[in-house]
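*Asks:* give me a model of this one.
(chains A and B)
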2 protein chains.
Amino acid sequence: MHVLILGAAGMVGQKLTSALIADGGLGNDALTRLSLVDVIEPAAPVGFSGVVDRLAADLSVPGTAEQVVAARPDVIFHLAAIVSGEAEADFDKGYRINLDGTRYLFDAIRLVGDGYCPRVVFTSSIAVFGAPFPELIPDDYFTTPLTSYGTQKAIGELLLSDYTRRGFFDGVAVRLPTICVRPGKPNKAASGFFSNIIREPLNGHEAVLPVDESVRHWFASPRAAVGFLKHAATLASDRIGPRRAISLPGLSCTVGDEIASLRRIAGDAVVARIRREADPTIARIVAGWPADFEARRAAELGFVAETDFDEIIKAHIEDELGGRFVA
Amino acid sequence: MHVLILGAAGMVGQKLTSALIADGGLGNDALTRLSLVDVIEPAAPVGFSGVVDRLAADLSVPGTAEQVVAARPDVIFHLAAIVSGEAEADFDKGYRINLDGTRYLFDAIRLVGDGYCPRVVFTSSIAVFGAPFPELIPDDYFTTPLTSYGTQKAIGELLLSDYTRRGFFDGVAVRLPTICVRPGKPNKAASGFFSNIIREPLNGHEAVLPVDESVRHWFASPRAAVGFLKHAATLASDRIGPRRAISLPGLSCTVGDEIASLRRIAGDAVVARIRREADPTIARIVAGWPADFEARRAAELGFVAETDFDEIIKAHIEDELGGRFVA
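*Replies:* Numbers count the residues shown, from 1 in each chain, chains lettered A, B, ... in the order given. Predicted coordinates for the structure are as follows:
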């Protein structure tokens, strides 16, 4: 099986690459070829003896999409995107990468023709929803995004469903929860603190909490995210039906719940590294985000997320910290 | 006030043109200039003494959109589209006209800059929804179209909301019910019979009814459609809020209700011109269409549709038949 990962140099892309190699394949199919594409050349994968292609390329440049699908990969993970903040700051770039890039990819697959019909897994986002929300967002809730990023993802979902219905490929769009604990350095994303207040204290560093502990949000670990993508890649098409965009399961919990978990697992001294410093701007942004989903359909389709925040922290300590933290 | 109508040569575009001229303007603003654009040159409007521009142009040809917005119209009605059947039969043409054309228009308006912010009224469709549906479709129901046309309209709605949020223009997308009684000759649209069984018998001709009388659907007259567009053009932006796509009110009734109205208004001899000839293909297509909407938000915003089918038939007889029919 030939797997193509677009956005392979990103955090999720790298973890997915490693997981596919560790698993040796997807479902019952052995992994024989891995094509890794990103705007920077993805690192050479470790521990894989099959064919590897690595390419620095921008999908939004006409002709690139044709090139990356020419070898007819069996499964395509389309993770490549400009993130929310940048898509909001740079209107043209967001639409070029997130909308045009996605459409070029979908059209390139369509134009291969000759019966070519790969599984395409597209990472969408809960940003397709815009406040106000019901307390628990149902699977049939409308997509009225309040960001250009959310708009671009919602359009990607619509295109994917139509191209799938037409038989041009076999697509699944998965709406990822906020990934937490996100490894790496703190970044300037408004959502960064959800991860910062866990990751930094476990590393012995201070973290700033800019919102009230009552703030509720929707989470899954990077490990769960990789699990979602693998599951989406192997799900039988007829089980999905014509509605190809799926709100994934996640964990709805408050910042207070996060902190209580951190205290249980790592103790008071670690929790004491969280410094409260209210930021009304961040508080206002976060108030417009969804907090809880029904995700009934995803559960029926077998997608699995963490069910308490202790699991999320333990996964982070195992996967990122080699089992140890700074007490 | 300068009004631009894209799709001005179509049935709704022509009626809208006449109505704006008859009204002398929109809201409190006098109509001083009328720009009429379609793929064929729109007919010269009758009874208007202001400036008229008429242009045969295709929005999906790069450069056209810039040309049509260069004179900075105050209100833009974007009615231009490839219809559902053609968008399904010709994939490339549907996306080119309905998606690219719409995006070119929106971008052309955006790139005028300099504080230019016209009201844009975009005709969307109930085709943005795909079966299965709840019996009564709520305003917050998700858009999972089952046609390329519906996909293109749903994408247009998303773009319009994002461009409006960004302040590039002041958009409203209105999801029109099925227009009935559609004047003119019978066409091959699967929905044609809803109009044919009224229009043809009133003209003394036979009409074929291919489905059961229990089939329920969602209607508004051409007169109501023009009223929707005029109302959408004058609605205060802050009353609409960030969710710019509105499911319009309509009349939910069955084919049996249509026939009962026709009998009340025109008598048994006219109804006898309806010939029943079951068509399982049409029955199957129609079974996938929505039958009833809550349309609560549209009602609150002051959109008004017919409340019984007698009104719809009477409007047709008045507006199209000069008050007379073939008894």
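*Asks:* hmm, A:P290 and A:S191 touching each other?
*Replies:* No. Counting by Cβ atoms under 8 Å, A:S191 does not reach A:P290; the two are 11.9 Å apart. No exception for glycine: its C-beta is placed from N, CA and C like everyone else's.
*Asks:* between those two, what contacts are shared?
*Replies:* Common contacts of A:S191 and A:P290 (Cβ atoms under 8 Å, 6 or more residues apart in numbering or on different chains): A:H217.
*Asks:* for A:I274, which residues are in contact?
*Replies:* Counting by Cβ under 8 Å, 6+ apart, A:I274 touches A:I197, A:P201, A:E206, A:A207, A:V208, A:L209, A:I259.
*Asks:* could you report the separation of it from chain B?
*Replies:* 34 Å (Cβ to the nearest Cβ, to the nearest Å).
*Asks:* and the residue positioned nearest the centre of chain A, backbone torsions?
*Replies:* A centroid search over chain A (Cα atoms, centre = their mean) returns A:L176, at 4.9 Å, as the residue closest to the centre. Note on A:L176: backbone dihedrals following degrees, to the nearest 10 are phi -70, psi 140.
*Asks:* so it sits against A:L248, correct?
*Replies:* Yes. Applying Cβ under 8 Å, one finds A:L176 in contact with A:L248, separated by 6.1 Å.
*Asks:* mind listing the shared neighbours of these two?
*Replies:* A:A220, A:F228.
*Asks:* now the end-to-end length of stretch A:319-327.
*Replies:* 18 Å (Cα to Cα, to the nearest Å).
*Asks:* kindly report the same for stretch A:233-246.
*Replies:* OK, stretch A:233-246 end separation, Cα to Cα: 13 Å.
*Asks:* likewise for stretch A:42-58?
*Replies:* Taking Cα to Cα as the measure, stretch A:42-58 stretches 13 Å from start to finish.
*Asks:* repeat for stretch A:181-197
*Replies:* Using Cα to Cα, the two ends of stretch A:181-197 sit 9 Å apart.
*Asks:* average pLDDT for it, rounded please.
*Replies:* What stretch A:181-197 shows for mean pLDDT is 89.
*Asks:* same question for stretch A:245-252.
*Replies:* Mean pLDDT, stretch A:245-252: 98.
*Asks:* do stretch A:126-134 as well
*Replies:* Stretch A:126-134 comes out at a mean pLDDT of 94.
*Asks:* so what pLDDT did A:I82 get?
*Replies:* For A:I82, the pLDDT comes out at 92.
*Asks:* need phi/psi at it.
*Replies:* The phi/psi pair for A:I82 (degrees, to the nearest 10) reads phi -80, psi 130.
*Asks:* and it, how many residues sit next to it?
*Replies:* Neighbourhood size, A:I82 [other Cβ atoms under 10 Å in any protein chain shown]: 22.
*Asks:* could you do A:G241 as well?
*Replies:* A:G241: 11 surrounding residues under other Cβ under 10 Å.
*Asks:* which ones are touching A:G47?
*Replies:* Counting by Cβ under 8 Å, 6+ apart, A:G47 has contacts A:I21, A:A22.
*Asks:* how about the residues of chain A near chain B?
*Replies:* A:91, A:130, A:140-146, A:148, A:151, A:154-155, A:158-159, A:161-162, A:165-166, A:242-243, A:245 (Cβ under 8 Å from any Cβ of the partner chain).
*Asks:* between A:S191 and A:P290, which one's more packed in?
*Replies:* A side-by-side neighbour count of A:S191 and A:P290, using other Cβ under 10 Å, places A:P290 first with 25 against 19.
*Asks:* returning to that earlier point: between the contacts of A:I274, which has the most around it?
*Replies:* For the contacts of A:I274, the largest number of neighbours (other Cβ under 10 Å) sits with A:I197, at 27 neighbours.
*Asks:* quick one: residues contacting that one.
*Replies:* Taking Cβ under 8 Å, 6+ apart, one finds A:A207, A:L209, A:V255, A:E258, A:I259, A:L262, A:I274 in contact with A:I197.
*Asks:* so which of the contacts of A:I274 are in strands?
*Replies:* A:A207, A:V208, A:L209 (DSSP state E).
*Asks:* now these as a markdown table including distance to A:F325 and pLDDT?
*Replies:* Putting the ones in strands among the contacts of A:I274 into a markdown table (distance: Cβ to Cβ, whole Å; pLDDT from 0 to 100) gives the following:
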| residue | distance to A:F325 | pLDDT |
| --- | --- | --- |
| A:A207 | 13 | 96 |
| A:V208 | 19 | 96 |
| A:L209 | 18 | 97 |
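*Asks:* nearest to A:A269, out of those residues: which one, please.
*Replies:* Of all those, A:A207 has the smallest distance to A:A269: 13.8 Å, by Cβ to Cβ.
*Asks:* per-residue confidence at the closest residue to the closest one other than its chain neighbours?
*Replies:* Counting by Cβ to Cβ, 6 or more residues apart in numbering or on different chains, the nearest residue to A:A207 once its immediate chain neighbours are dropped is A:E200, at 3.7 Å. On pLDDT, A:E200 comes in at 97.
*Asks:* kindly report the same for A:G85.
*Replies:* A:G85 is given a pLDDT of 87.
*Asks:* beyond the strand or helix carrying it, next helix or strand please.
*Replies:* Per DSSP states H and E: A:G85 is located in helix A:84-89. Note on helix A:84-89: by DSSP H and E, the next helix or strand toward the C-terminus is helix A:91-94.
*Asks:* which of the residues in that following helix are buried?
*Replies:* A:G94 (16 or more other Cβ atoms under 10 Å in any protein chain shown).
*Asks:* CA atoms only for the helix ranked longest in chain A, dumped as CSV, please.
*Replies:* Longest helix of chain A, by residue count under DSSP state H: helix A:148-165. Once non-C-alpha atoms are left out, helix A:148-165 reads as follows in CSV (Å, rounded to 0.1, in the frame of the first residue of the first chain):
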residue,chain,number,x,y,z
SER,A,148,-11.7,32.4,7.3
TYR,A,149,-10.0,29.2,8.4
GLY,A,150,-13.3,27.7,9.5
THR,A,151,-14.8,28.8,6.2
GLN,A,152,-12.1,27.2,4.2
LYS,A,153,-12.4,24.0,6.1
ALA,A,154,-16.2,23.9,5.7
ILE,A,155,-15.8,24.5,1.9
GLY,A,156,-13.2,21.6,1.9
GLU,A,157,-15.8,19.4,3.5
LEU,A,158,-18.4,20.3,0.9
LEU,A,159,-16.1,19.7,-2.0
LEU,A,160,-15.0,16.4,-0.5
SER,A,161,-18.5,15.2,-0.1
ASP,A,162,-19.5,16.1,-3.7
TYR,A,163,-16.3,14.6,-5.2
THR,A,164,-17.0,11.4,-3.2
ARG,A,165,-20.6,11.3,-4.3
